[in-house]
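J.: Predicted model, plus sequence, below.
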There are 2 protein chains.
Amino acid sequence: MTAQRRAILKVIETASKHLDASQILRKARALDNSVDRSTVYRTLDLLKRQGLIDELDLMHLKGEGHYYERKLGRDHIHMACLRCGKITEFVSETFESLKTQLERDCRFHIVVSRLEVGGYCAGCRH
Amino acid sequence: MTAQRRAILKVIETASKHLDASQILRKARALDNSVDRSTVYRTLDLLKRQGLIDELDLMHLKGEGHYYERKLGRDHIHMACLRCGKITEFVSETFESLKTQLERDCRFHIVVSRLEVGGYCAGCRH
DNA sequence: CGCGTATTGCGACTCAGTCGCAACTAAGAT
DNA sequence: ATCTTAGTTGCGACTGAGTCGCAATACGCG
Ligand SMILES: [Mn+2]
Ligand SMILES: [Mn+2]
Ligand SMILES: [Zn+2]
Ligand SMILES: [Zn+2]
């Protein structure tokens, strides 16, 4: 456990929204200005492999990069509005059953799952 | 409708597996050797916007690129084995209900949805 | 045919992510 | 407290995916 990892971890833990790698770098540097871009990517890989964070595309609404968020108990679905860009999260019991069903029917042991939806939010539908 | 688009379209239509942009370029060139990389990307964007193809990450098992597949009537789930890399597809009625439920409960009009799962397949679980 | 608009190829570019390597550090052993 | 070493870091160079501006070309319509 290094100072750099502590900084990166704190940024992710206290984030109020989904952050991409360069945002994480910027915020981590505010805590420990020695943090390097490579270290951010290496730490992100580590946390991903440990199952502590999830990686998201958010429909690639802006650019090709990825977003990260702390993985808590229950998974959630991400909805991205194609018009206003708003990201909404939703916890669904049906989603949980779907995963259980998948594990049984396909004899597949799920480690990570990602349901992302693009469309139009209540304020933008037409 | 240009010769280049016809070639790219035919490649996607007759694909037996998920192809990335560079594979599509290579195969399209075999049909029409004038096809350029930019045209592949532009056509892919077009087909995405028309809702004719889906874009997939396949858990970024190999590299950062994206994969494409023709969108047919029913959506399906993609499962990627983290050990052997096998991709399995699965059609689920529960998935369909989940989307319907989402549209109702969140007042969100779904245009595109992507459920990708990473884990261990029957042959690789431990 | 001609014509105007949409599309293309090209080359240069951006941006996300990766890698090899030498310097450094955390943390366990003595 | 110091030694040791395996793991981690910063740096800089690199890759690979995807984008863009522009001049040349081709589609499709009258
Ligand atoms: Mn989230
Ligand atoms: Mn992606
Ligand atoms: Zn919206
Ligand atoms: Zn497998």
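T.: Yes, it's here. Ligands and ions are numbered 1, 2, ... in the order given.

J.: mind checking the backbone torsions on the closest residue to A:D20 other than its chain neighbours?
T.: The shortest distance from A:D20 to any non-neighbouring residue, by Cβ to Cβ, 6 or more residues apart in numbering or on different chains, is to A:G65 (4.7 Å). Where C-beta positions appear, they are placed from N, C-alpha and C, glycine not excepted. Per-residue torsions, A:G65: phi -70, psi 180 (degrees, to the nearest 10).

J.: any idea how far A:Q23 is from A:G65?
T.: Separation of A:G65 from A:Q23 (Cβ to Cβ, to the nearest Å): 10 Å.

J.: same question, A:H60
T.: 16 Å.

J.: One more: A:Y68?
T.: Distance from A:Y68 to A:Q23, by Cβ to Cβ: 9 Å.

J.: Of those two, which one has the most company?
T.: Neighbour count, other Cβ atoms under 10 Å in any protein chain shown: between A:Y68 and A:Q23, A:Y68 has more, with 22 against 17.

J.: I figured the more buried one hits A:K17, correct?
T.: No. Contact between A:Y68 and A:K17 fails when scored by Cβ atoms under 8 Å: they sit 10.7 Å apart.

J.: The longest strand anywhere in chain A versus strand B:109-120: what angle between them?
T.: Ordering each strand of chain A by length in residues (DSSP state E) puts strand A:109-120 first. Taking axes from the mean of the first three to the mean of the last three Cα atoms, to 10 degrees, one finds strand A:109-120 and strand B:109-120 inclined to each other by 170 degrees.

J.: Partner strands of strand A:109-120, with direction?
T.: Taking DSSP bridges as the criterion, strand A:109-120 forms sheet pairs with strand A:77-81 (parallel), strand B:109-120 (antiparallel).

J.: low-confidence ranges in chain A?
T.: Within chain A, no range satisfies pLDDT under 70.

J.: Which parts of it belong to which domain?
T.: According to automatic domain parsing, chain A comprises the domains A:1-71, A:73-126.

J.: Columns distance to B:L52 on top of those, output as a markdown table?
T.: Converted to a markdown table, the domains of chain A look like this (distance: least, Cβ to Cβ, whole Å):
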| stretch | distance to B:L52 |
| --- | --- |
| domain A:1-71 | 17 |
| domain A:73-126 | 15 |
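
J.: Redo the ones you listed as CSV? Include distance to DNA strand C.
T.: Formatted as CSV, the domains of chain A follow (distance: least, Cβ to the nearest atom of the strand, whole Å):
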stretch, distance to DNA strand C
domain A:1-71, 4
domain A:73-126, 14
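
J.: one step back: for the residue nearest to A:D20, list the residues it contacts.
T.: A:D20, A:A21, A:S22 (Cβ atoms under 8 Å, 6 or more residues apart in numbering or on different chains).

J.: now do A:K62
T.: So A:K62 contacts A:G85 (Cβ under 8 Å, 6+ apart).

J.: Need phi/psi at it.
T.: The phi and psi torsions at A:K62 (degrees, to the nearest 10) take the values phi -130, psi 100.

J.: Would you quantify the distance from it to A:I87?
T.: 11 Å.

J.: What parts of chain A come near ligand 2?
T.: A:D57 (Cβ under 5 Å from the ion).

J.: Do you have the strands of chain A handy? List them.
T.: A:19-20, A:53-56, A:67-70, A:77-81, A:87-90, A:109-120.
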